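**Student:** predicted model and sequence follow; I will ask about them next.
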Amino acid sequence: MSNQFDNRRPTELEDKAHAEVVRHFAEHLRQYPASRQAIDRLERDLAQIALVANMAASKPGLQKDFIETDDGRQWHKDVELMENIFLCHRPMARGAEYAVVEHFPARRANEILQRGWTAGDLLRDFVQDQRQVLQVWTADVNAQVKEFLAEKFPGLDMTRVVDSFMHRLTRPVAQQQSRSQGQNRSRGVRV
Amino acid sequence: METAPKNNEQSNQAPVERLAYSIQEAADLLGVNYFSVYRLIQRGKLKPCRALRGKLLVPRTELLKLLGTN
């Protein structure tokens, strides 16, 4: 586990606890980095995505894919931003109105998350909001991990295990990839 | 929606309904990913309660309200 424990070797119990936490919260470890990566990608490609939406809005005859939101309005689906989330537009007298719409399969409903008259500004606001959602996510996982450890290892200080796990959950995806590549490379090394 | 497991003494009683669900369970029940559930919470569409250590729990009534079956 190298430097995840403040460069001090974890105790055997901490190692065991860390392994249990990683196993128990594996789905968070899978979903959180993917979600954050999607937001990072969105932020990086924001201008390009806005341009695609602008171009779609300027060619009203070409759109085929429509989406009806909960308020009964029809929107043209322009770009899929994330899983079940779309950037849409609809023509109005003063120009195109844009919206970020989320599809809920269980409710068979489409809900407007944000709307505005400038695709770029709308996307910027959306990205900012999603970063706040990630903060809610990490705060909750932190609480869940603490509860899990308190139940499994009552009375023991597992602060370093919590910190280590949260570091693993929230570290940038690039770091995770280079780390796993490094591990793959080192597998071929014979001493 | 899930119900609490029954023991022998309860077997002839009506199953006890869960009052609240974890984020993971709520995501499974709604058929969405975790991010969507946290997004619903952030937007005030799902009002969670907090367990002792601050863990978020989604009341059953909130899920039913969201699904429009309450």
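**Tutor:** Sure, I can see it. Since this is a predicted model, take the numbers as computed values, not measurements. Numbers count the residues shown, from 1 in each chain, chains lettered A, B, ... in the order given.

**Student:** need the three-state assignment for the closest residue to chain B within chain A.
**Tutor:** Closest contact between chain A and chain B, by C-beta to the nearest C-beta, is at residue A:143 (3.8 Å). All C-beta atoms are positioned from the backbone trio N, CA, C, and that covers glycine. Look at residue A:143: counting by DSSP: H, G, I helix; E, B strand; the rest coil, its state is helix.

**Student:** give me the neighbour count for it.
**Tutor:** For residue A:143, the count of nearby residues is 18 (other C-beta atoms under 10 Å in any protein chain shown).

**Student:** show the pLDDT at it.
**Tutor:** Predicted confidence (pLDDT) for residue A:143: 95.

**Student:** I'd say it and residue B:52 touch.
**Tutor:** No. Using C-beta atoms under 8 Å, residue A:143 makes no contact with residue B:52, being 9.3 Å away.

**Student:** ok, now which ones touch the residue of chain B found nearest chain A?
**Tutor:** Chain B approaches chain A most closely through residue B:54 (3.8 Å), counting by C-beta to the nearest C-beta. Residues near residue B:54 by C-beta atoms under 8 Å, 6 or more residues apart in numbering or on different chains: A:139-140, A:142-143, A:146.

**Student:** go again using 10 Å as the cut-off
**Tutor:** Neighbour list for residue B:54: A:139-140, A:142-144, A:146-147 [criterion: C-beta atoms under 10 Å, 6 or more residues apart in numbering or on different chains].

**Student:** quick one: buried residues of the helix or strand that contains residue A:78?
**Tutor:** In this assignment (DSSP states H and E), residue A:78 forms part of strand A:74-82. Within strand A:74-82, the residues that count as buried by 16 or more other C-beta atoms under 10 Å in any protein chain shown are A:75-79, A:81-82.

**Student:** quick one: neighbours of residue 60, just the number.
**Tutor:** Because you didn't say which chain, this covers chain A. So residue A:60, with other C-beta under 10 Å, has 12 neighbours.

**Student:** try chain B instead
**Tutor:** That count, for residue B:60 with other C-beta under 10 Å as the rule, works out to 18.

**Student:** before we move on, the earlier item: now do the SS call for the residue of chain B closest to chain A.
**Tutor:** Here residue B:54 is coil, with the state taken from three-state DSSP.

**Student:** what pLDDT does it get?
**Tutor:** With respect to pLDDT, residue B:54 scores 85.

**Student:** and what of residue A:30?
**Tutor:** pLDDT at residue A:30 comes out at 96.

**Student:** what helix or strand is it located in?
**Tutor:** Using DSSP H and E, residue A:30 falls in helix A:26-44.

**Student:** residue boundaries of the strands in the chain?
**Tutor:** You didn't say which chain, so I picked chain A. A:66-68, A:74-82, A:85-92, A:95-104, A:109-116 (DSSP state E).

**Student:** um, chain B though
**Tutor:** Assigned by DSSP E, the strands in chain B fall at B:20-21, B:49-50, B:56-59.
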